[in-house]
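**Q** I would like to see how this sequence folds:
(one chain, ligands or ions: 1)
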Amino acid sequence: MKVEEVGNYDGFENAWLSYRQQTDCKDKQYFTAIYAKSADAIVCTAVKELQIATEQILGQKAVLYREEPEAETVGIQLRLDATETVSEEGYHLYQNKGLIIIASKGARGILYGSFACIRRLQMECAFMKTAPEAFSFERIDIMEEPSNPLRMLNHWDNMDGSIERGYSGGSFFFRDEEVLVNDRTKCYARLAASVGVNAVVINNVNVRGNATRLIAEDYAPQVKAISEIFAAYGIRLFLSLNFAAPMELGGLNTADPLDETVREWWKDQMAKVFARIPNFGGFLVKADSEGREGPFTYGRTHADGANMLAEAIAPYNGLIIWRCFVYNCQQDWRDYKTDRARSGYDNFAPLDGKFRDNVILQIKNGPMDFQVREPVHPLFGAMPKTNQMLEVQIAQEYTGQQRHVCYLIPMFKEILAFQTYCKEQNDTVADIVSGRTWGNQACGMAAVANTGNDVNWTGHDLAAANLYGFGRLSFNTNCTAEEIAKEWIVCTFGGDAEVVETILKILMMSWTTYEKYNAPLGIGWMVNPNYHYGPSVDGYEYDRWGTYHRADYQGIGVDRSSAGTGYAMQYKEPNASIYNDLDRCPDALKLFFHHVPYTYQLRSGKTVLQHIYDTHFEGAAEAEKMRTMWQSLEGKIPEKIYHRVLERFDHQVWHAKEWCDQINSYFYRKTGIADEQGRKIY
Ligand code: GCU
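**A** You can find the predicted model right below:
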């Protein structure tokens, strides 16, 4: 398969890698020569990226020399050196006697260091007039080690070209049951690598139809071609796997993980996959979940299922990433004891220590499903002898579907900072998934991706901040949400102070604003069923999905205390006691853990009902405010983007009011209690 050279990016936009020209940058002398002895493919990518940035930003050529620079040479040196102090993916970027040195033990470290260097150049150019020294290369000395071994994007792309929960056009990996390999693949790889992503799953976790055949011979040339494009950017390709493949593909009459013929079939398949695709990473598996086949079908445990695959893949250093999103989706709403929130912990915690070393359990950030507010999943820290990784969703399934702006990095920061009390020290989610807590290597962070074929990749231009942000955060969980947002804004829109400040404000308020007009106090799920967009307070109330708010005329909330479903007790102390205690439970999660009267006084001093009214009016008003803020940037943002975003804000303002009015009216009608401020409720 022939794939064109990197460098042709016409036809769609380059997001934060859209370089603006700034030919009078005072550090341009460094960007005239690049010294790189190594001909490693990833180092070559780094060189190319530096050359592209140099040409597009500084309007000059950076010549490549495959030799050591002589004394007093000015330029950039990519130094791949086994004796470096930083790891294979870490880098040291510093200035020494006229040379900018990017050093690492590994080629990927060189690539990340080069992108950091380009970012620095973008920042320096953006602030040349206002803060000429702030990003100068004179005193540059940055050493960065990735926080997480795996920094992964999970695409839920289907082979017909649709994307499950995709809000930015069709798939660029698949169309009409074919695998696509083109310029967009490359541009995607470079965007992902530029923020430190090192693993990508290209197909939906719900593996159906031809997607089951992605491991077979038929698709091998294309899959291999993608893996090679990825490899040049330091990314390992993964696929989602169909647990029932032995039957659907292999013609066996069972997929029982303890059946010898099944085990042999998988061993054979794995040998073939890794022979065809040498750089292959492994598989992501959704089993026994929402109708997918799994070990439960055969009375086996999830450890049996995962270990069977892990054993088959072990000779090739492959990983099995096994999802913990396993729950009973045939619930009866009349049943107050069964609790979907409990299921992850109940199903997996007893299996601690039973999984092979090359299995990682991938756990959603919360126990339900990516709601705007959920408690952190109690499985984190509950399995000291098991590899765990965090799954978040930047596809905004429940957070505005990339029509509302909702910058999610502040939420992810809270999740990462959550203290599980699983150990005396190093007990946060960030510690656990980075490997710091138990000293393991197989762990990290994954995000359900928000990209598609839209020219701007993410539908809403501002949603690209989540893609950028996820990568940067998973690479360095110490970065603040503000820092990341600011970097993204500057790289995308330049350094105009008003532009930076205004967009930063919009991004930083957007999640809270969205939460305000959405389902209140952690209860979640007041959306239209199936497509999960727009308000429908009772949409999921009498359904089979375990997603209830239990509102009546007196009160609302799910009792998950020890007197209720007992979910709160799945946490370690003191978290369990705090959540269990109505008064100590944080307001933001009050209705997730407790059923309370509308007149219950929150820690804020407001009643639950008045809180609902107030936040909903505030949320709708804040949506308008964000639009006004955006409008103040007219003329300062490329016109196309300005109008694209404005259109989305127009919709958001209307839709936020819809949320506000429907939710407030629902509770007013249920309770008959008026708003203290006498605002219009229907
Ligand atoms: C949610 C989502 C589904 C998805 C599932 C999953 O339920 O709505 O589309 O398949 O999560 O994470 O597997």
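
**Q** What residues does this structure have near the ligand?
**A** Proximity of the chain to the ligand is confined to Glu164, Arg165, Val205, Asn206, Lys286, Glu290, Phe325, Asp369, Glu397 under the rule C-beta under 6 Å from any ligand atom. C-beta: built from backbone N, CA, C; applies to glycine.

**Q** Kindly write the PyMOL command that selects the buried subset of the residues you listed.
**A** A single PyMOL command selects the buried members of the residues of the chain next to the ligand (16 or more other C-beta atoms under 10 Å):
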select buried, resi 165+205+206+286+325+369+397
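
**Q** Make TSV out of the residues of the chain next to the ligand and add distance to Pro149, secondary structure and pLDDT.
**A** Listed next are the residues of the chain next to the ligand as TSV, based on distance: C-beta to C-beta, whole Å; DSSP: H, G, I helix; E, B strand; the rest coil; pLDDT from 0 to 100:
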residue	distance to Pro149	secondary structure	pLDDT
Glu164	27	coil	98
Arg165	26	coil	98
Val205	21	coil	98
Asn206	26	coil	98
Lys286	22	coil	98
Glu290	28	coil	92
Phe325	22	coil	96
Asp369	26	coil	98
Glu397	27	coil	98
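
**Q** Just flag the most distant two among the residues of the chain next to the ligand.
**A** Farthest apart among these by C-beta to C-beta are Lys286 and Glu397. That separation is 15.4 Å.

**Q** is the residue nearest to the spatial centre of the chain in a bridge, and if so with what?
**A** When C-alpha atoms, centre = their mean is applied to the chain, the residue found nearest the centroid is Ala447 (2.5 Å). Counting by DSSP bridges, Ala447 is bridged to Leu153, Val392.

**Q** quick one, helices of the stretch 201-350 of the chain?
**A** Assigned by DSSP state H, counting those that start in this stretch, the helices in the stretch 201-350 of the chain fall at 220-232, 245-248, 260-276, 302-313, 343-348.

**Q** as a whole number, average confidence for the last one?
**A** When pLDDT is averaged along helix 343-348, the result is 98.

**Q** helix or strand right after that helix?
**A** Of the helices and strands lying after helix 343-348 in sequence (DSSP states H and E), the nearest is strand 359-364.

**Q** what mean pLDDT would you report for that next one?
**A** 98.

**Q** could you check the angle helix 302-313 makes with it?
**A** Relative orientation of strand 359-364 versus helix 302-313 (axes from the mean of the first three to the mean of the last three C-alpha atoms, to 10 degrees): 130 degrees.

**Q** next one: strand 359-364 to chain centre, how far?
**A** 14 Å (C-alpha atoms, centre = their mean, to the nearest Å).

**Q** and it, what does it pack onto?
**A** With contacts taken as 3 or more C-beta pairs under 8 Å, 6 or more residues apart in numbering; DSSP states H and E, strand 359-364 sits against helix 302-313, strand 319-323, helix 343-348, strand 387-393.

**Q** which residues are contacting it?
**A** Strand 359-364 is contacted from outside by 150, 284, 306-307, 310, 319-325, 344, 348, 355, 370, 377, 379-380, 383, 386-393, 442-444, 446, using C-beta atoms under 8 Å, 6 or more residues apart in numbering.

**Q** Give me the buried entries from those residues.
**A** The neighbour count (16+ other C-beta under 10 Å) marks 150, 284, 306-307, 310, 319-325, 344, 348, 355, 370, 377, 379-380, 383, 386-393, 442-444, 446 as buried among the contacts of strand 359-364.

**Q** Pick out the residue in the stretch 451-600 of the chain sitting closest to the ligand.
**A** Closest residue of the stretch 451-600 of the chain to the ligand, C-beta to the nearest ligand atom: His532 (6.4 Å).

**Q** which SS state does that residue fall under?
**A** Assigned with DSSP: H, G, I helix; E, B strand; the rest coil, His532 falls in the coil class.

**Q** Just want to check the distance between it and Glu177.
**A** Shown here: His532 relative to Glu177, a distance of 26 Å by C-beta to C-beta, to the nearest Å.

**Q** now do Ser18
**A** Taking C-beta to C-beta, one finds Ser18 at 33 Å from Glu177.

**Q** Repeat that for Asp141.
**A** Computed as C-beta to C-beta, the Asp141 to Glu177 distance reads 51 Å.

**Q** ok, now Thr547?
**A** 33 Å.

**Q** now do Glu217
**A** Taking C-beta to C-beta, one finds Glu217 at 15 Å from Glu177.

**Q** quick one, which of those two is more surrounded?
**A** More crowded of Glu217 and Glu177, by other C-beta atoms under 10 Å: Glu177, with 14 against 10.

**Q** thinking the more buried one is in contact with Asn210, fair?
**A** Yes. Using C-beta atoms under 8 Å, Glu177 makes contact with Asn210 at a distance of 5.0 Å.

**Q** and for the two, which residues touch both?
**A** Common contacts of Glu177 and Asn210 (C-beta under 8 Å, 6+ apart): Met159.

**Q** Verify the stated contact: Ala395 with Thr458.
**A** No. Look at Ala395 against Thr458 with C-beta under 8 Å: they stay out of range, at 9.3 Å.

**Q** Between those two, which contacts overlap?
**A** Gln402, Asn450.

**Q** Arg184 reaches Phe172, doesn't it?
**A** Yes. Using C-beta under 8 Å, Arg184 is in contact with Phe172, at 4.5 Å.

**Q** the more surrounded of those two?
**A** Counted by other C-beta under 10 Å, Arg184 and Phe172 do not tie: Phe172 has more neighbours, with 24 against 17.

**Q** Format the helices and strands packed on strand 359-364 as TSV; extra columns: distance to Tyr233.
**A** Shown next, in TSV, are the helices and strands packed on strand 359-364 (distance: least, C-beta to C-beta, whole Å):
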stretch	distance to Tyr233
helix 302-313	23
strand 319-323	19
helix 343-348	33
strand 387-393	21
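
**Q** Run a quick neighbour tally on the nearest residue to Thr254 once chain neighbours are set aside.
**A** Spatial nearest neighbour of Thr254, excluding adjacent residues (C-beta to C-beta, 6 or more residues apart in numbering): Val262 at 6.2 Å. Using other C-beta under 10 Å, Val262 is surrounded by 21 other residues.

**Q** Contacts only, for the residue lying farthest from the centre of the chain.
**A** Ranking residues of the chain by C-alpha distance from their mean position (C-alpha atoms, centre = their mean) puts Ala71 at the top, at 44.4 Å. Contacts for Ala71 (C-beta under 8 Å, 6+ apart) come out as Lys97.

**Q** in what helix or strand does it lie?
**A** Applying DSSP H and E, one finds Ala71 in no helix or strand.

**Q** Can you list phi and psi of it for me?
**A** Backbone dihedrals for Ala71, given as degrees, to the nearest 10, come out at phi -60, psi 140.
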